[in-house]
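In: here you go, sequence then predicted model.
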Amino acid sequence: VGGMANEYWRERRRAKDTGLAHLGADEAVHERRFPGSRRAANDHEDRRIHLSKAWQEVVVDLGDELLPGVPGRTGVRKLQAELQTCELLAQPNQSVHQTRRRSRLGHGQTVSRFWPRQASRRLASHGAAALFPPWGRVVVTRVGVVDLGTNSTRLLVADVENGHVRELDRRLAITRLGESVDARRVLLPTALARVRNVLVDYRRAAEEHGVERTLTLATSAVRDAENGEAFLGEIEWSYGFATRLLTGDEEALLTFRGVAAGRDIADDTVVVDVGGGSTELILGGRAGVSFHESFDIGCVRLTERFLAGDPPSRQELGAAAAYVRSLLEGRVPGTVRPRAAIGVAGTVTTLATLALGLVEEDPELAHGHRLSAAWIAEQLERLGGMTVEEIRALPGVHPDRAPVLVAGVVALDTALRYFGLAGLEVSENDIMHGGALLAAALPEPAEGNAPPGAFTCC
């Protein structure tokens, strides 16, 4: 039936291309050659209208509740698939052949592929439509994601297709946006200037790569600062980037979505994201997320609160570890007992670089590398006895990460000890990959949102 419907519309396009305003007798001839094709196409159109209404009800009723793997997700995916297929078969301007060519599908591959549901809650003021990519043809979207972290500002340029993220460019600059935010609750002018200078380069890089949409994710430092939202407004106007101020829960869920993109996560796996201002713990697996929590124990925050010495004293290291453990004991239910761990973010990838003996970080080598808990404890003992300058001199350590590296290892070591885990797997996929999936679902930006040359500031 689907083949007849497509052949019917193909004949109609041929007639239109040859200048026939009406098919007339030709349409009757075609109906005789392909009995039932006209009726089949009309049936697909009726079915598409019915499914469209059902899909809108799903989005409205379940849009805020559907998380990875919860009951109902499979049914929604089947509805998406059937809706897409009916649209293709009822569409007079689209053929299976064209869809394959446009979506880079090989010969013989199925066309009933669809964009998967984005696995995170409603963000900021955007409704369910911002988190549910539109059903339809397979499309490759080139996106840029900027992560405004407490310690670093990062850029990811990637192609997103069918829930998979393919990296094209990745950049990092240590900007310390969260400098003194823990004490003053404000983003300092010097920190803002450092970030602005980096964003100028990132804007140019996005343009060079032909990025269609750029999304800026703001996390702990911007959340806690009184002038954080004003800074995001400046970014939108000056650089033309869409922005999202994530809550701690949204940050955790988006991190898990990024880690899970394109791979299966074993059940009872905890994702540990040691950031600059906060640390997220997310327990999940093939069925989705079962527990998540965000703690204000990032490496910058811990350093400013506890590690004043250079090198820090054993008392300072002990106090920092005790504080981390007290938060875990108070906010992690006893039922949360992971059997495996995946670590993301700068502390973890720096440790992987040291373990591999690399001069600088290599994401391809670091991704998937395993670090034992015993080795991490040894590194805490070693790094904890070194000055910042000595850590800076180590091959593989970013010079500007040296002042906060020890605090990050304290948080990581304490979490592994608390859960009794033997080690963790390093992942280079993190919140930015989740952000790439989210960016692909954004509406196309309107022309003229930012004035020409507005990003060439500072």
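Out: Yep, it's here. Numbering: from 1, shown residues only.

In: strands along the stretch 101-250 of the chain, start to end?
Out: For the stretch 101-250 of the chain, strands defined by DSSP state E, counting those that start in this stretch occupy the ranges 141-148, 152-161, 164-174, 213-218, 242-245.

In: quote the end-to-end distance of stretch 303-323.
Out: 12 Å (Cα to Cα, to the nearest Å).

In: now stretch 365-375
Out: 18 Å.

In: now do the buried residues in it.
Out: 366, 369, 371, 373 (16 or more other Cβ atoms under 10 Å). For glycine as for every other residue, the C-beta is placed from the backbone atoms N, C-alpha and C.

In: circling back to that earlier point, redo the strands of the stretch 101-250 of the chain as JSON lines? Include mean neighbour count, distance to L283 and mean pLDDT.
Out: Below are the strands of the stretch 101-250 of the chain laid out as JSON lines (neighbours: other Cβ atoms under 10 Å; distance: least, Cβ to Cβ, whole Å; pLDDT from 0 to 100):
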{"stretch": "strand 141-148", "mean neighbour count": "25", "distance to L283": "23", "mean pLDDT": "92"}
{"stretch": "strand 152-161", "mean neighbour count": "23", "distance to L283": "25", "mean pLDDT": "92"}
{"stretch": "strand 164-174", "mean neighbour count": "16", "distance to L283": "23", "mean pLDDT": "91"}
{"stretch": "strand 213-218", "mean neighbour count": "24", "distance to L283": "22", "mean pLDDT": "92"}
{"stretch": "strand 242-245", "mean neighbour count": "21", "distance to L283": "24", "mean pLDDT": "91"}
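
In: as a markdown table, the ones you listed with distance to T387 would be great.
Out: Converted to a markdown table, the strands of the stretch 101-250 of the chain look like this (distance: least, Cβ to Cβ, whole Å):
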| stretch | distance to T387 |
| --- | --- |
| strand 141-148 | 29 |
| strand 152-161 | 22 |
| strand 164-174 | 18 |
| strand 213-218 | 33 |
| strand 242-245 | 36 |
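
In: out of these, which comes closest to S427?
Out: strand 164-174 (12.6 Å; Cβ to Cβ).

In: show me what that closest one is in contact with.
Out: Outside of strand 164-174, the residues within contact range by Cβ atoms under 8 Å, 6 or more residues apart in numbering are 142, 151-160, 194, 198, 201-202, 205, 209, 258, 261-262, 346, 363, 398, 400-401, 429, 433, 436-437.

In: returning to that earlier point: and the strands of the stretch 101-250 of the chain: which comes nearest V324?
Out: V324 sits nearest to strand 152-161 of all these, at 20.9 Å, using Cβ to Cβ.

In: which strands and helices sit next to the closest one?
Out: Here strand 152-161 touches strand 141-148, strand 164-174, helix 189-208, helix 431-440, going by 3 or more Cβ pairs under 8 Å, 6 or more residues apart in numbering; DSSP states H and E.

In: and the spatially closest residue to V274 that is not a sequence neighbour, what helix or strand is that in?
Out: Nearest non-adjacent residue to V274, counting by Cβ to Cβ, 6 or more residues apart in numbering: T347, 4.6 Å away. Element membership for T347, per DSSP states H and E: helix 346-356.

In: helix or strand right after the helix or strand containing A407?
Out: Assigned by DSSP H and E, A407 belongs to helix 402-419. Next helix or strand after helix 402-419 toward the C-terminus (DSSP H and E): strand 423-426.

In: what comes up buried for that following strand?
Out: Buried-residue list, strand 423-426, by 16+ other Cβ under 10 Å: 424-426.

In: can you check stretch 195-208 too?
Out: 195-196, 198-200, 202-203, 206.

In: could you dump these to CSV with distance to T243?
Out: Listed next are the buried residues of stretch 195-208 as CSV, based on distance: Cβ to Cβ, whole Å:
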residue, distance to T243
V195, 13
R196, 14
V198, 15
L199, 11
V200, 16
Y202, 13
R203, 13
A206, 14
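
In: and those, which is closest to V146?
Out: For the buried residues of stretch 195-208, the nearest to V146 is Y202 (5.9 Å; Cβ to Cβ).
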